[in-house]
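below are the sequence and a predicted model; questions follow.
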Amino acid sequence: MATTTPVESSTMPRAGGGSFAARRRRTGWFMAAPTIVAILVLGIFPLLYSLALSFQRRDLQHPNEDQFLGLGNYATALADARFWDSMFNTVLLVVGGVTLQFILGLGLALVVVDELRGKRFIIPLLMLPVMMVPVVVALGWRLLWDSQFGAINHILSFILRRDIDITWLTNKWTALFAILVTDVWQWTPFMFLILLAGLSSLNPELYEAAALDGAGWWQELREITLPGLAPVIAVAIIFRALDAFKVFDQIFMLTQGQPGTSTETISWYIYQVGYKFFSMGYAAAISYLLVIFLTVAAMIYAALFLREERS
């Protein structure tokens, strides 16, 4: 008498719904359907809609004058001096901010990774800035940068033994410096935490062997620590740089692009074009130019990193 194996029984058709594998697939699709629909509605549809919008003239103040412009919005943006000025400010803040965050984060990680008294209390304290809402951080620092009542001028006056009355937020370069310091204060703990995790995973035997060979602290850093952390550093920098390009909260709370438009970043400029001047098509085009720029920059960065890894 023939017997049915477990594999055969699991794939045999059954009354009212086919095989077990087919019913399991249908159940899986049924369970995943709400998530798929949410992604399509909340992610892909706005992406495609904004892409179509970038080829149109869409002015909310004149809704009857909509028309298809093709690449007209993109050509206008590339010839827009204000667009390039905001890109320059953004790149300046990103390069300066991420560089300082990496240096400070690595320094803190090198100190904390060793046996340090109070380590379990120091790490949570260092992580407080990154856990705060960016708007709250910017508002707090705005009070510190105040030229009349802010603590920064008073501290500088105490250190230099003379009255310091710098109007930090009314000059382009001092305002950009204030934005940079605020951003570095908040996001250095992010870099610190990633680098600390990377340092904790390095093989301590490498340092023991280097110490036996008479290697100093700088040689260990250059020959062991930095090469060992290279993948972690690459990921931390790319993540932080892409996020820093979206800087908006600090601009909104500290300067709102002033004086004039000298401290505008690209995110603030897009906000102004779309929600102050109501030129939605042009704002969408600028947004896609930013996406293209970041994609190309990320691809170049990844290609250089992979080439260094292979060599």
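Received the coordinates, thanks.

tally of neighbours for residue 305?
When counting by other C-beta atoms under 10 Å, one arrives at 17 neighbours for residue 305. Backbone N, C-alpha and C define where each C-beta goes, glycine included.

quick one, what contacts it?
Residue 305 makes contact with 230, 234, according to C-beta atoms under 8 Å, 6 or more residues apart in numbering.

how about a cut-off of 10 Å?
By C-beta atoms under 10 Å, 6 or more residues apart in numbering, the contact set of residue 305 is 230, 231, 233, 234, 235, 237, 238.

out of the residues you listed, flag the one nearest to residue 59.
residue 238 (36.5 Å; C-beta to C-beta).

state whether that closest one is indeed within a helix.
Yes: when classified by DSSP: H, G, I helix; E, B strand; the rest coil, residue 238 is found to be part of a helix.

what's the burial count for it?
Burial of residue 238 is recorded as 16 neighbouring residues (other C-beta under 10 Å).

please apply the same query to residue 70.
Residue 70, neighbours per other C-beta under 10 Å, totals 9.

wait, it touches residue 281, no?
No: with contacts counted by C-beta atoms under 10 Å, residue 70 stays clear of residue 281, the gap being 11.2 Å.

about what we covered before: pipe the contacts of residue 305 into JSON lines and attach distance to residue 172 and pLDDT per row.
Compiled in JSON lines, the contacts of residue 305 are given as follows (distance: C-beta to C-beta, whole Å; pLDDT from 0 to 100):
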{"residue": "230", "distance to residue 172": "36", "pLDDT": "87"}
{"residue": "231", "distance to residue 172": "38", "pLDDT": "87"}
{"residue": "233", "distance to residue 172": "32", "pLDDT": "90"}
{"residue": "234", "distance to residue 172": "33", "pLDDT": "89"}
{"residue": "235", "distance to residue 172": "33", "pLDDT": "89"}
{"residue": "237", "distance to residue 172": "27", "pLDDT": "91"}
{"residue": "238", "distance to residue 172": "29", "pLDDT": "90"}
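
what pLDDT does residue 232 get?
For residue 232, the model assigns a pLDDT of 90.

now it. Nearest residue, chain neighbours left out?
residue 198 (3.4 Å; C-beta to C-beta, 6 or more residues apart in numbering).

moving C-terminal of the one helix or strand the one you found maps to, what's the next helix or strand?
Using DSSP states H and E, residue 198 maps to helix 172-200. Toward the C-terminus, helix 172-200 is succeeded by helix 204-212 as the next helix or strand (DSSP H and E).

buried stuff in the helix or strand following that following helix?
Per DSSP H and E, the first helix or strand lying C-terminal to helix 204-212 is helix 217-220. Across helix 217-220, burial judged by 16 or more other C-beta atoms under 10 Å covers no residue at all.

what do residue 70 and residue 281 both touch?
Joint contacts of residue 70 and residue 281 (C-beta under 10 Å, 6+ apart) are 55, 56.

can you tell me the helix or strand for residue 157?
Here residue 157 is assigned to helix 151-160, by DSSP H and E.

can I get the CA coordinates of that helix in CSV?
Extracted C-alpha coordinates of helix 151-160, given in CSV (Å, rounded to 0.1, in the frame of the first residue of the first chain):
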residue,chain,number,x,y,z
ALA,A,151,26.1,83.7,27.5
ILE,A,152,28.7,83.4,24.8
ASN,A,153,29.6,87.1,24.7
HIS,A,154,29.7,87.2,28.5
ILE,A,155,32.0,84.2,28.6
LEU,A,156,34.3,85.7,26.0
SER,A,157,34.3,89.0,27.9
PHE,A,158,35.4,87.2,31.0
ILE,A,159,38.1,85.3,29.3
LEU,A,160,39.5,88.2,27.3
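
helices or strands up against it?
helix 134-145 (3 or more C-beta pairs under 10 Å, 6 or more residues apart in numbering; DSSP states H and E).
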